[in-house]
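Q: What follows is a predicted protein model with its sequence.
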Protein chains: 2
Amino acid sequence: MHREFPWLHPLLTCIIIAAVAFSLFHFGNIKRLVVGRPIRSRELNKPHMKLVWLIALPVLAADLYSSVAYGPEAGISELAHLGTSTKWMIIPITGSTVILLIFLITSYIMGVIAYPSGGGAYAIAKDNFKKPIVSLVAASALLVDYVLTVAVSVSSGIQTMASSYQFLAGHETLISILCVFMILLINLRGVSESAKVFAYPTFIFMGCMILLIVAGLIDELHYGFVQRVTPPFGTVPQGLTAMLLLRAFSSACSSLTGLETISNAVPVFREGKNGAIKAYITLGIITGVTLLGFAYHLYVKGISVNPHNTMLSQLAGLYFGHGLVYQVIIIFTFIVLILAANSTFTGFPQLAALVARDRFLPRALALRGDRLGYSNGMVVLAALAALLIEIFHAQTNALIPLYAIGVFVAFTVAQFGLTKRWFRIKGRLWQLKASVNAFGALVTALVAVIFAVTKFTGGAWIVLIVLPIVIFCAMQVRKHYEEVADELRIDLQTVHPQTHRILSVVLVSEIHRIVVDTISFAQSSSQEVIALFIGFDDESIERMEERWQEWGSPCRLVTVKSEYRSLLYPLSKFLRRLETREGGKPDHIQLLIAQFVPKKWWHHILHNQSSFLIRAWMLRHKDVVVTTVPYHLHR
Amino acid sequence: MHREFPWLHPLLTCIIIAAVAFSLFHFGNIKRLVVGRPIRSRELNKPHMKLVWLIALPVLAADLYSSVAYGPEAGISELAHLGTSTKWMIIPITGSTVILLIFLITSYIMGVIAYPSGGGAYAIAKDNFKKPIVSLVAASALLVDYVLTVAVSVSSGIQTMASSYQFLAGHETLISILCVFMILLINLRGVSESAKVFAYPTFIFMGCMILLIVAGLIDELHYGFVQRVTPPFGTVPQGLTAMLLLRAFSSACSSLTGLETISNAVPVFREGKNGAIKAYITLGIITGVTLLGFAYHLYVKGISVNPHNTMLSQLAGLYFGHGLVYQVIIIFTFIVLILAANSTFTGFPQLAALVARDRFLPRALALRGDRLGYSNGMVVLAALAALLIEIFHAQTNALIPLYAIGVFVAFTVAQFGLTKRWFRIKGRLWQLKASVNAFGALVTALVAVIFAVTKFTGGAWIVLIVLPIVIFCAMQVRKHYEEVADELRIDLQTVHPQTHRILSVVLVSEIHRIVVDTISFAQSSSQEVIALFIGFDDESIERMEERWQEWGSPCRLVTVKSEYRSLLYPLSKFLRRLETREGGKPDHIQLLIAQFVPKKWWHHILHNQSSFLIRAWMLRHKDVVVTTVPYHLHR
């Protein structure tokens, strides 16, 4: 298919995007069908729209938990070229990741307690740093990373799926983009519904991983904790450098992305911040246990890195064979990878709305849609992710190096912010809290630097260029909004509406029913009316002048000859003459345009659409009021 | 290139179309650069804008003359499977084509004398048949055929070019579409300029063909008129049926398409109808001589049909070897094939304008553009031809069967029309004239029927379906225009403008400088003003009401709560309430919308664009006058 019709793929992409946009924003009925009925604003605070923490957990955790499938493997892969003597190091590497996880969860819980209205790193930074640029660094790092999360998760899910199911191969990009738009549609339906759809697969995947850990324990109780295949422990392999070790650690840390989703979405929890804390603790325990157990079993079974068969797949094959349980584990790994993108559809729009409310992003991102979600933010996220997938042809390897820097930058800013906060407000045990956060800040800063250094040439430089650009644009946006607000502000006591002198110009092409209507309106609404006829030749001008006299000259008629057969330039010239005329200069010039409204849409192409052009041009370039008097054709 | 980037080709196509459209219609400067300065209407009739017949001839003849290169070959190809004993039949087949050519040119000259203002078949049919459907048949047959001419000529030119120059292979569609748009651009510059560009290659090609004929004559004077390779003359090959002969004849007749271009474009000639007649006679002689000489030399040299080497190329190779002269002949064949499309860019828009003036096509097709050409018609032609090329992947074989039926249908209608005319107006020698045209009509009708029958399954059925659809649409268009004209017509003596009562509704979102402006305008222009505030929650409504009182309530404020965060529906509901209120029902409801006009275009995305949506929706669905009061931001 792909080879025979090379235009099929970009064409389909265009059609999908256009169809989604068009149907959602133009056809009320289709929109209702796909997105569901509109929801009243007051339902936002009703408990049934919010989530019990046990449902919110899988929804918001898919991003973090899905990465246990590849985190340990990503770490040990960096050392694989040193030989089998490095195999044992999967335990200390994963262990240090889990320690970092515990630190991060602790400090995020402190963040939730301190800022229960959500917003995570951005809210923390905003509250604790005077300069808006610090919070903007956190926000834009997270926003960029959210987009990458969608692109990476969906691409990697589809990529692995395609390596198992051959008929998908070659269409990864198209399928990935379709996936993104399906997730978008489900999310446009609203937070609550999408949660119910997505909670179960994540639960099943968690169950599968726990089952795997337990199966491993049973196996080890049966055959011993040191088996024949278990590699020797503790030997330092030749050629191991600090740089390599750091790189392995930073790669393993990519399994910690997605941790911030819960802290950004605290208002989603029905139980408020307590629900979020419960979710954090539960998620931390499950993730930690899974990571450690998984890494330990990998060590005991002495499993090697194999680019064509993931370690998870190898281990599951050893314990369960390649029957039903194995298939379920593999398929749900794929599903949860794709669902990881879904949690981002909650996180990104909420963060964007927070930032937009502070006027750093276009106002439209802060408006809730029909179904109470921030639909504009969701559409922007889907479009950017689809663009990334298209550019990188859905290849995870190319996207991964761009990923995770943003998260660790945001982590660092947030932890420094919390440290500052404890110093400021003090309170019980503040020294302990401050030192926990300060240490966390140093560690995450270190991880961010390690990431940037070790992956710089692999693509990390793109992020390091994009981030300052995003921040600069955000500052410009804020500046523009502030300038406009200053310009528009008035003193209610002194500035009041006044009566103005209005001069109306009516564009006439011939004398018919619509012109009667329009001139009637003009004469009723203004002090002076001029009918303007723009003719292309002398005969038409003469004929118009005769007809006008025959009609009894209801108002002054000005005729202009347009030698270049254009309406815009003579009209513009005429208006300039009115604006600069001496004596009876009006306060407002009103341009009246009669507009045909045909009954059938296709009749539009039969009527000259110059009025659209004229209106757009005049509003943009002239200080004239443009009034459209519609005439609804009966036939 | 094509295989690595499958999206490149459709992408480029889109970019080209968009860029051309955008630059031509939006950027005055680029438009000036590409299309040239606008030309005053009165220059249309100045002699320097018209063409001397010797220049007009190649411009208008490329379509017809280019087909001598393939006409005889197309005819004899149909008989090639019967063996070498059919070779001599190229002479009678081409001869009968030339006889048909003489008949057609004679009757077309009569057409030019009778209708010197141009319009060809359409004008003739319109004048002689009462029912508009007859002239519509001629017009739509020609219009469809013009589009096919562009597609076929450009595709076949590029296809042959690609078989000589390997690096072009695989990109025929893209290059063909690029060609169409280049021809469009040159034509948008205007009739006169494009003529000067295109006249010389056609002259050179004519020179080449004459040179070939002369070279053949010299060869035959030297080596004898019957040579060793000359096949026997006059044997009737086995298996020859009347159907086969007819098919061969009709295929050879495809070289007669393009004959009508001159008669449609009589006003282009500086000498008027005399110029056109001179051009017709000259063209007829050159074409007839070329066809007969070419066919005779082919017979003498006993050249066979070879799908990989055209007969023209074989003959040229025999006479001149493969040196410079051969290369010039081949390259100019290609160029003239592509230029054949150019004459269509004169014919199609002129015919479309004639038909549009009779209100059978959208009015916009009858408007002359900046450079006095009918630019809309040219753009439509280019777009349709590009679409055909894209659909048929620039494959001439697939397009040819659709081609030439239209022309012969139009020929038939025109000749019947002329016959009727001679019967009506009589005059000197009218019986002779009438019988010439009547005979011509029968012959062309026969050719049209042969074409439709022999090529029906090959694609002619598409044309036989498209034609009635085009005719039906044209009738509907005319009906719509007439109904609208009836609806709008007024009696100048009795219907006059009246004074109306206007109620203005001002949409306010907060109180600032723009609202002051808009309310001032509303109060100055209408009897009653209502300020409408649509809030999404109770707090914002309360705050607005307080601020309004603080401001001294300059007019009545109505607040509406929009539970679904939509502006359109509450506004629409409010307007319906005003329309149906008892007592002081206004004649007009005016909706005033304040419109930000930012200084920089990208600032648009920072401001809510709901006013655009509201305006479009209101005009379409409600009988309200919509007034936009612009506020030009200083920053």
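A: Thanks, I have the structure now.
Q: from here on, contacts and neighbour counts on C-alpha atoms
A: Fine.
Q: CA-only coordinates of stretch A:415-422, as PDB, when you get a sec.
A: C-alpha atoms of stretch A:415-422 as PDB (Å, rounded to 0.1, in the frame of the first residue of the first chain):
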ATOM      1  CA  GLN A 415      13.000  21.600  44.700                       C
ATOM      2  CA  PHE A 416      15.000  24.800  45.000                       C
ATOM      3  CA  GLY A 417      11.700  26.600  45.300                       C
ATOM      4  CA  LEU A 418      10.600  24.300  48.100                       C
ATOM      5  CA  THR A 419      13.900  24.700  49.900                       C
ATOM      6  CA  LYS A 420      13.500  28.500  49.700                       C
ATOM      7  CA  ARG A 421      10.000  28.200  51.000                       C
ATOM      8  CA  TRP A 422      11.100  26.200  54.100                       C
END
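Q: Can you give the distance from that stretch to the centre of its chain?
A: 28 Å (CA atoms, centre = their mean, to the nearest Å).
Q: go on, stretch A:536-544?
A: Using CA atoms, centre = their mean, the offset of stretch A:536-544 from its chain centre is 57 Å.
Q: Just the C-alphas of that stretch, formatted as CSV.
A: Only the C-alpha atoms of stretch A:536-544 are listed here, as CSV (Å, rounded to 0.1, in the frame of the first residue of the first chain):
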residue,chain,number,x,y,z
PHE,A,536,-15.2,50.1,-14.8
ASP,A,537,-16.2,52.2,-17.9
ASP,A,538,-17.9,55.5,-18.8
GLU,A,539,-21.1,53.9,-20.1
SER,A,540,-21.9,52.1,-16.8
ILE,A,541,-21.2,55.3,-14.9
GLU,A,542,-23.5,57.4,-17.1
ARG,A,543,-26.3,54.7,-16.9
MET,A,544,-26.0,54.7,-13.1
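Q: how much space between residue A:624 and residue A:568?
A: 14 Å (CA to CA, to the nearest Å).
Q: okay, those two: which has more neighbours?
A: residue A:624 (21 against 18; other CA atoms under 10 Å in any protein chain shown).
Q: got the contact list for the residue most central in space within chain A?
A: Nearest to the geometric centre of chain A sits residue A:381, at 2.4 Å (CA atoms, centre = their mean). When contacts are counted by CA atoms under 8 Å, 6 or more residues apart in numbering or on different chains, residue A:381 touches A:147, A:345, A:348, A:349.
Q: Domain boundaries for chain A, per the record?
A: When chain A is parsed with automatic domain parsing, its domains come out as A:1-35, A:36-482, A:502-632.
Q: residues in contact with stretch A:628-635?
A: A:514, A:518, A:592-599, B:480, B:483-484, B:487, B:619, B:623-627.
Q: Return the distance of that stretch from the chain's centre.
A: The answer for stretch A:628-635 is 41 Å, by CA atoms, centre = their mean.
Q: Show me which parts of that stretch are buried, residue by residue.
A: A:628, A:629, A:630, A:631, A:632 (16 or more other CA atoms under 10 Å in any protein chain shown).
Q: any idea how far the residue nearest to the centre of chain A is from chain B?
A: 16 Å (CA to the nearest CA, to the nearest Å).
Q: so where do the helices sit in the stretch 101-250 of chain A?
A: A:120-128, A:132-164, A:172-188, A:191-223, A:242-253 (DSSP state H, counting those that start in this stretch).
Q: Just tell me which of those helices ends up closest to residue B:130.
A: Across the helices of the stretch 101-250 of chain A, residue B:130 has its closest neighbour in helix A:172-188 (57.2 Å, CA to CA).
Q: Could I get the average pLDDT for the closest one?
A: The average pLDDT within helix A:172-188 is 83.
Q: Pull out the CA atoms of it and give them to me as PDB.
A: Provided in PDB are the C-alpha atoms of helix A:172-188 (Å, rounded to 0.1, in the frame of the first residue of the first chain):
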ATOM      1  CA  GLU A 172       4.200   3.200  11.900                       C
ATOM      2  CA  THR A 173       4.100   7.000  11.400                       C
ATOM      3  CA  LEU A 174       0.500   6.900  10.100                       C
ATOM      4  CA  ILE A 175      -0.700   4.600  12.800                       C
ATOM      5  CA  SER A 176       1.100   6.600  15.500                       C
ATOM      6  CA  ILE A 177      -0.600   9.800  14.300                       C
ATOM      7  CA  LEU A 178      -4.000   8.100  14.200                       C
ATOM      8  CA  CYS A 179      -3.400   6.900  17.800                       C
ATOM      9  CA  VAL A 180      -2.600  10.500  18.900                       C
ATOM     10  CA  PHE A 181      -5.800  11.700  17.400                       C
ATOM     11  CA  MET A 182      -7.800   8.900  19.000                       C
ATOM     12  CA  ILE A 183      -6.400   9.800  22.400                       C
ATOM     13  CA  LEU A 184      -7.300  13.400  21.600                       C
ATOM     14  CA  LEU A 185     -10.900  12.600  20.800                       C
ATOM     15  CA  ILE A 186     -11.300  10.500  24.000                       C
ATOM     16  CA  ASN A 187      -9.800  13.300  26.000                       C
ATOM     17  CA  LEU A 188     -12.000  15.900  24.400                       C
END
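Q: That one and chain B in contact?
A: No. Shown here: helix A:172-188 not in contact with chain B (CA under 8 Å from any CA of the partner chain), separated by at least 12.1 Å.
Q: what's the angle between the helix or strand that contains the residue nearest to the centre of chain A and helix A:132-164?
A: Assessed by DSSP states H and E, residue A:381 sits inside helix A:375-391. On the basis of axes from the mean of the first three to the mean of the last three CA atoms, to 10 degrees, helix A:375-391 is oriented at 50 degrees to helix A:132-164.
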